[in-house]
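**Student:** Here's a sequence, model it:
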Amino acid sequence: MSNALVVIPTYNEIENIEQVLRHVFSLSKKMDVLVVDDNSPDGISREVEDLMKEFDGQLFLEKRKGKLGLGTAYIHGFKWALQRDYKFIFEMDADFSHNPNDLLKLLEVCESEGADVSIGSRYKTGVNVVNWPMSRVLLSWLASKYVQFITSMNISDTTAGFVCYKREVLEKINLDKIQFVGYAFQIEMKFKAHLHKFNIVEIPVIFTDRTKGESKMSGGIISEAIFGVISMKFKSMFTKYEI
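**Tutor:** Below you'll find the predicted structure:
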């Protein structure tokens, strides 16, 4: 068993999953992968189960009963990892928007350079996004700046979903008190790590929009992020806030 686990949530990612998994398993550093699938109707669970025979002891699958949200999928994966001996736990998308090669960079910063959390950042050195329309780039960039302003976190890409956590971070954060289920989950996890005073380091990466499958972004997800951040910050200032 590796000391590093990559958690990949899936919902209808049959076009991408095999290539992504093979890429991760080809890296110079051995990493295990846990796929958390929300009952995808495209048959991705069967695809992963077939690949598990080839990557025995490296590839794992957790099947959930329905589409329960990105945040709960990651929490499920984090708890699964903490029940085992993994020291480094990653978040990564299944659609190749995150380059699996960059897992090595994120690991290096946590393993050898003192970071507790490393973030694959789209905005650390300008805007490193490929194949997004300008309107979406602007929305994403402004959202990160808005969150940065509200929360006072010194993080350029507060909504990033490409992250490595040291085990100690996930043990310290009360995962049962994470409120958000959509992309605001990414903000909340960073905010709670920030409140615990963990060392958070951003690593510039190039984010490439998916070429296969469909985006899961929606208006409800954006609203959760915008209004949820204000509520989260307010609670942290004036009430007993469980972190």
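**Student:** In this protein, mark out all the strands, start to finish.
**Tutor:** Chain-ordered strands for the chain, with DSSP state E as the definition, fall at 4-10, 32-37, 59-63, 88-91, 117-121, 129-130, 163-166, 200-204, 207-208.
**Student:** Adjacent strands (with direction) for the fourth one?
**Tutor:** Going back to what we said before, that points to strand 88-91. Under the criterion DSSP bridges, strand 88-91 sits next to strand 4-10 (parallel), strand 163-166 (antiparallel) in its sheet.
**Student:** Now distance to L27, mean neighbour count and mean pLDDT too, for those strands, in a markdown table please.
**Tutor:** No exception for glycine: its C-beta is placed from N, CA and C like everyone else's. Shown next, in a markdown table, are these (distance: least, C-beta to C-beta, whole Å; neighbours: other C-beta atoms under 10 Å; pLDDT from 0 to 100):
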| stretch | distance to L27 | mean neighbour count | mean pLDDT |
| --- | --- | --- | --- |
| strand 4-10 | 10 | 26 | 98 |
| strand 163-166 | 13 | 25 | 98 |
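**Student:** Tabulate these (CSV), appending distance to F180.
**Tutor:** Shown next, in CSV, are the strands paired with strand 88-91 (distance: least, C-beta to C-beta, whole Å):
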stretch, distance to F180
strand 4-10, 14
strand 163-166, 15
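**Student:** So which of the ones you listed is nearest G182?
**Tutor:** Proximity to G182 (C-beta to C-beta) singles out strand 4-10 among these, at 11.8 Å.
**Student:** Below-threshold pLDDT in the protein: ranges please.
**Tutor:** Counting by pLDDT under 70, the chain shows low-confidence ranges at 210-225, 239-240.
**Student:** Repeat the analysis, applying 80 as the threshold.
**Tutor:** 182-183, 210-227, 238-242 (pLDDT under 80).
**Student:** Nearest residue to R167 in space, please, no chain neighbours.
**Tutor:** Nearest residue to R167, sequence neighbours excluded (C-beta to C-beta, 6 or more residues apart in numbering): K87, at 5.1 Å.
**Student:** Contact partners for that neighbour?
**Tutor:** Residues in contact with K87 (C-beta atoms under 8 Å, 6 or more residues apart in numbering) are N3, A4, K166, R167.
**Student:** Contact partners for the closest residue to G69 other than its chain neighbours?
**Tutor:** Sequence neighbours aside, V181 is the residue nearest to G69 in space, at 3.1 Å (criterion: C-beta to C-beta, 6+ apart). Neighbour list for V181: L68, G69, L70, G71, T72, E224 [criterion: C-beta under 8 Å, 6+ apart].
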